[in-house]
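Asks: Mind looking at a prediction? Sequence and model below.
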Amino acid sequence: MEELEQPLAERLDLFTCIQCGKCTGGCPISIKSPLNIRRVIRESVVREDMRVFFDRLEIWDCTTCSTCAIRCPRGLRPVDAIIGLREMMIEEGRIEKTIIDALDGAYKYGNPWGRAKNKRAEWAQGMEIPNALEMDPGQVLYFVCCAASYDPRVQFVAKSLVHVLRAAHVSFGILGNKEVCCGSEIRRMGEVGLFEMLMEENMKNFTKIDPKTIVTTSPHCMNALKNEYEDLGCEVLHYSQFVWGLIQEGKLFFNTEVPMKVTYHDPCYLGKQNGVFEEPREVLRSIPGIELIEFGRCRENSLCCEGGGGRMWMEGTGVGRRLSEIRVEDALEMGVEAIITACPFCLLTLEDAVKTTGNEEKIRVIDLMELASMGLGVEPEVEQ
Amino acid sequence: MDIIVCIKRVPETAEADLVIDESKKGIDTDGLVFSINEWDNYAVEAAIQLKEAEGGKITVISVGPEENNEVLRRALAMGADEALRLTDPAFEGSDAYAMAKILAAAIKDIPYDLILTGVQADDDGFGAVGVVLAQMLGLPHAALVTEIKKEGDVITVHRELEGGLEEVDTLKLPALLTIQTGINEPRYVSIMGIRRVAKKEIGVKGVADLGLSQDEVGEKGSMSRIEELFFPPVGEGAEIIEGTMDEKTEALVRILKERGGMA
Amino acid sequence: MEKIAVLVEHRQNEVRDITFEMLTKAHQLVGDGGEVIALFLGDVSQKGLLDKITPHAHRTIAYLDTALAQYEPLRYLAAFVKIFETVDCQLILMGQTAFGMDFAPAVATKWEIPFTTDVVDIQDEDGVVAVRQMYSGKVNAKVSLKGGEKQLCTVRAGAFPADDLPTVSGELQEISGAVEGDFSARTFVEYLEAAVGDVDITQADIIVSVGRGIKDADNISIAQELADALGGVVACSRPVADKKWLPKERQVGTSGKTVKPKVYIALGISGAFQHQAGMKGANTIIAVNKDPKAPIFSIAHYGIVDDLFKVVPALTEKVKELRG
């Protein structure tokens, strides 16, 4: 294995770390995993040979929620050290089979689930959504996301968002089968080269389309397109931001009462990493009948669902409870009927947790756009 | 220990909807994803692990069009040292016998202790090139290998038989082995890794360079010929249970009870 | 084809089933006037096996020599020199088995015999025209063999059922003369039995089997839950065992175990031939797969075309309810 050009500690300026431990103190995974991010930073600074890390499977437990980066008094980003180590392990090639499959899938099929490219837009069949590549410039591009395109549960979110956009008479288009993975999770798993490839492919299309706004289903896509892609020359918004904007402009109005006691789970990539806390709540509050009760751990302290950082493709080494199960049980104690969220990974992991804790009769997990659909009187096609 | 690995570039068909092309002798490959034959990937990994333990040089060879550079480069990125592509319109239509002739002609100029091929290919599942090649080169061979250990000039291999049974054999080098899936866990090859070998030269040879005549390769040089491809007849098949999830699971439970599926 | 030779496959003092399948097909192809010849290589201690063969071939040619006590390709190739001097035929059949794949291509190459492999059907159209499968079993190919005094086919196990294997009064012909040569380049050491694990799936009445569709090792727990609820065991197809998500002893298929349970539930298994071979004897086969074209549906008795991650938990729930 060739050494990466610059040692990790130098690249990330980890020498200024004072080992205060606020990072580990706030790390949600530390409850259940041997991963100790403070120690990882220390070792990165002290060790010459980083190869000792290659056997430490807990490096893959990190969800990249970035709580550590938010809390660091020195402004360091310990999460980047994890990603840097993963980059090395990727180069070495010795990584879990499920991660290899996810990366191979993204490379060959444009999505980590390895699903056929020509089935990416099947969710939109019959909905007659315009092809973004044939739109006039200056419109809205709806960037759907791999999960929303292929996962049957999350497809309802995409459909709901389409209902909402149409109710507000927004002119928008989708890339359809030409959309490829934003690369967010690919980057978090350490495959820089593949991320760049995916970015290049998407950007070629973005340039052709020349949209005014890109709206995403997933906070992960929003984060990648907004903060990690080269300058797109347009605004990139998560749907919660865009939809709140529509409400404020009077273009969207919820005419149907949805009497439900709910709580809202802040997705890490939306809240912690991009400061989008209020917009989803404003959208919720605009739906008549909704009673919002906040989690104790909300906003910046939201408990990570363990879906990010590639965790959708690895269970992790930790033997403790799934954080998503703890979240579900907290919600049950609060007496709410549903957990509302705004991220496909949160939706899937929380719903999974509802099932594994045997609480399907007691609580639901609903995406914000599905709720919004209900507020428009559109019956969501969620199965029984 | 110098090793030659023969690799094939094949379409991924397990999840795809296939269409037989106009000639009726091939499938429409439009929209299909191509990659290294799964067995050959295990073979490349096996070669690299042997090289890591014993030292030596690995040469990967592939017969096919220019697109085969993809799989050759990937093998280089994995750890192979040299890559050779055998390309010529005359090679088209080669069956396993003609294919082995082509490979043998290229291999005779390369020093080696061991040749590895995959047990069979994803596309035609023929499973013979390796053993034919061994016979042509006068090498001892073993097919369906699931373990390789080297001790001096002798290798000990495990062969996978039926029903979980295995056979242990020793072979004197030079030898040829056909590699079975599951022998190891092939390492991941990163895009950056592939980029790093982008400038590495891949040798190319055609029919004349190999000293072969047109009649020895392709359809003319083959012993068998595909006359026609067709879709297998759809048998009576399963009774598909329809309905809501509730109805479907109800039906299943009934069937399970009736058929002794609930102990 | 008037004369077809079948190479008897035997191991550890048992004649393997493929032999009888090939003999049955050979009889079918030669018809009433033709001759089916069984070829047997082994040593004197294996002579007893011939009792199973001679009634089913018009002529059995046995080459018994201590050098042939254990299969090694170099030895068998040397023996075949004499075999070909002794016997004439238009077609030779061998199994597409671990033995056949190791040996048949070597014979074909050494004597330049046109051959094809893994056939599921053979026609005599003035030379062999065979059918074989390609592309994950989704497409069949008609293959013709060109020329040659003799031709060779390796036969897929199970392709030609041996139910109607004729009995004929066959003569036994022994070849004499030592098999000579330097066979040291490859030497048989020993057989290794599969490790006996905690679960013997071949003894189970109810099997819940997972394939590639299970996507992740952790998801196997949903299959385990169903198996527990039903009182069965969990098994798998090859890809799952290759990834070590389940131990090899749970693998069903040609390179794993053959099972004949009362109920076999295949979850996310495409049904590649090698897997089918290991379970098609099950009494009731239920397949759950998202792909309506998956080959498993052609041998399953009942099928559900749906996402196993939805079906299985729902089914487990129902079963548990029933049991109270």
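Replies: That came through, no problem.
Asks: does the residue in chain C positioned nearest to chain A count as helix, strand or coil?
Replies: Using Cβ to the nearest Cβ, C:Asp218 is the residue of chain C that sits closest to chain A, at 4.7 Å. C-beta: built from backbone N, CA, C; applies to glycine. Classification of C:Asp218 by DSSP: H, G, I helix; E, B strand; the rest coil places it in helix.
Asks: where does chain B dip in pLDDT?
Replies: B:234-235 (pLDDT under 70).
Asks: C:Ala294 versus the nearest residue to the residue of chain C closest to chain A once chain neighbours are set aside, what's the distance?
Replies: Leaving aside its sequence neighbours, C:Asp218 sits nearest to A:Glu315 (Cβ to Cβ, 6 or more residues apart in numbering or on different chains; 4.7 Å). Noted for A:Glu315: a distance of 27 Å to C:Ala294, by Cβ to Cβ, to the nearest Å.
Asks: the more surrounded of these two?
Replies: For A:Glu315 versus C:Ala294, the count of surrounding residues by other Cβ atoms under 10 Å in any protein chain shown is larger for C:Ala294: 28 against 16.
Asks: Next, the more buried one: secondary structure please.
Replies: coil.
Asks: Would you check that my belief about it contacting C:Gly271 is correct?
Replies: Yes: using Cβ atoms under 8 Å as the test, C:Ala294 is close enough to C:Gly271 to be in contact (5.7 Å).
Asks: Can you get me a residue count around the residue of chain C closest to chain A?
Replies: 13.
Asks: Residues of chain B that sit close to chain A?
Replies: Counting by Cβ under 8 Å from any Cβ of the partner chain, chain B comes close to chain A at B:12, B:15-16, B:31, B:33, B:35, B:78, B:185, B:187-196, B:244-245.
Asks: distance of the residue located most distally from the centre of chain A from A:Ala9?
Replies: In chain A, A:Glu48 marks the outermost C-alpha relative to the chain mean, sitting 34.2 Å out by Cα atoms, centre = their mean. In this view, A:Glu48 and A:Ala9 are 10 Å apart by Cβ to Cβ.
Asks: Spell out which helix or strand contains A:Cys221, please.
Replies: Assigned by DSSP states H and E, A:Cys221 falls within helix A:219-223.
Asks: Then C:Glu112?
Replies: Using DSSP H and E, C:Glu112 sits in no helix or strand.
Asks: ok, C:Thr187 - how many residues close by?
Replies: 17.
Asks: Double-check that it belongs to a strand.
Replies: Yes: looking at C:Thr187 with three-state DSSP, it is inside a strand.
Asks: Enumerate every residue touching it.
Replies: If you count contacts by Cβ atoms under 8 Å, 6 or more residues apart in numbering or on different chains, C:Thr187 has them with B:169-171, C:72.
Asks: How about the longest helix seen in chain C and chain A, touching?
Replies: For chain C, the longest helix by residue count, based on DSSP state H, is helix C:308-323. Yes: counting by Cβ under 8 Å from any Cβ, chain A has neighbours in helix C:308-323: C:Pro313.
Asks: In the chain, where is pLDDT below threshold?
Replies: Unless you meant another one, I'm taking chain A. In chain A (pLDDT under 70), the answer is A:1-5, A:380-384.
Asks: wrong one, I was asking about chain C
Replies: Low-confidence segments of chain C, defined by pLDDT under 70: C:196.
Asks: State the distance from the residue farthest from the centre of chain A to A:Leu35.
Replies: Distance from A:Glu48 to A:Leu35, by Cβ to Cβ: 22 Å.
Asks: State the number of residues packed around the nearest residue to C:Gly271 once chain neighbours are set aside.
Replies: Closest residue to C:Gly271 apart from its sequence neighbours, by Cβ to Cβ, 6+ apart: C:Ile296 at 2.8 Å. For C:Ile296, the neighbour count with other Cβ under 10 Å is 28.
Asks: Next: C:Asp118.
Replies: 25.
Asks: In three-state terms, label the nearest residue to A:Pro130 once chain neighbours are set aside for me.
Replies: Closest residue in space to A:Pro130, ignoring its immediate chain neighbours: A:Gly173 at 4.1 Å, by Cβ to Cβ, 6+ apart. Assigned state for A:Gly173: strand (three-state reduction, three-state DSSP).
Asks: how about A:Gly173, what does it touch?
Replies: Counted by Cβ under 8 Å, 6+ apart, A:Gly173 has contacts A:129-135, A:139-142, A:209.
Asks: ok, now how distant is it from chain B?
Replies: Using Cβ to the nearest Cβ, to the nearest Å, one gets 23 Å for the distance from A:Gly173 to chain B.
Asks: nearest spatial neighbour of A:Ser302, skipping sequence neighbours?
Replies: Using Cβ to Cβ, 6+ apart, the closest residue to A:Ser302 is A:Asp266 (3.7 Å).
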